[in-house]
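*Asks:* sequence-free structure coming up:
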């Protein structure tokens, strides 16, 4: 299970996930500078660390690299939820408490996800919600690999 991303790692990965294409340090830097003062070398170090942890792959382009996400934000969120749930001494109670915290929209997304996982033979003939349609449209690279950090040393960040 991956450890949660740090604040700056998450800010960088959010852009990589959102843009869904190979990005340069300069592109990430310029976008981050809209919100905060940050140095090129800091962004370069964060992307290098994310590469070493298996979150991004990189390809040389001249003297620089282009970085691309290995997994999706959805896979990352799922891995975090699974880890938290598996650490419970009473998984059923943890799920009940979690469901109780959900908004109506989140509960509908959960229902849609259960229908998708169960497959067409068990589904009732209903119109899927927008969240189900988004879940059924895989993002580039989704499903090709598990969360990249899951195979990493749990003590390494």
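*Replies:* Now that the structure is in, tell me what you want to look at. Quick caveat: nothing in here was measured; it's all calculated off a predicted structure. Residues are numbered from 1 along each chain as shown.
*Asks:* what residues are up against the residue nearest to residue 29 when sequence neighbours are not counted?
*Replies:* Excluding the flanking residues, the one nearest residue 29 by C-beta to C-beta, 6 or more residues apart in numbering is residue 43, at 4.6 Å. (Each C-beta comes from the backbone N, C-alpha and C, glycine too.) Contacts of residue 43 were listed using C-beta atoms under 8 Å, 6 or more residues apart in numbering, and they are 12, 25, 28-29, 32.
*Asks:* out of those, which one sits closest to residue 93?
*Replies:* The closest of these to residue 93 turns out to be residue 12 (C-beta to C-beta; 35.9 Å).
*Asks:* next, work out how far apart the closest one and residue 107 are.
*Replies:* As judged by C-beta to C-beta, to the nearest Å, residue 12 and residue 107 stand 32 Å apart.
*Asks:* who has more neighbours, these two?
*Replies:* residue 12 (28 against 12; other C-beta atoms under 10 Å).
*Asks:* that one is in contact with residue 51, isn't it?
*Replies:* No. Counting by C-beta atoms under 8 Å, residue 12 does not reach residue 51; the two are 11.1 Å apart.
*Asks:* pick out the residue nearest the middle of the protein.
*Replies:* Using C-alpha atoms, centre = their mean, the residue of the chain that lies closest to the mean C-alpha position is residue 73, 1.7 Å off.
*Asks:* that one touches residue 15, doesn't it?
*Replies:* No. Assessed by C-beta under 8 Å, residue 73 is found out of contact with residue 15, at 11.0 Å.
*Asks:* just the terminal-to-terminal distance for stretch 82-98.
*Replies:* 12 Å (C-alpha to C-alpha, to the nearest Å).
*Asks:* ditto for stretch 25-40
*Replies:* Start-to-end, stretch 25-40 (C-alpha to C-alpha) is 7 Å.
*Asks:* buried residues, that stretch. List them.
*Replies:* By neighbour count on 16 or more other C-beta atoms under 10 Å, the buried set for stretch 25-40 is 25, 27-29, 31-32, 38.
*Asks:* who's in contact with residue 98?
*Replies:* Counted by C-beta under 8 Å, 6+ apart, residue 98 has contacts residue 85.
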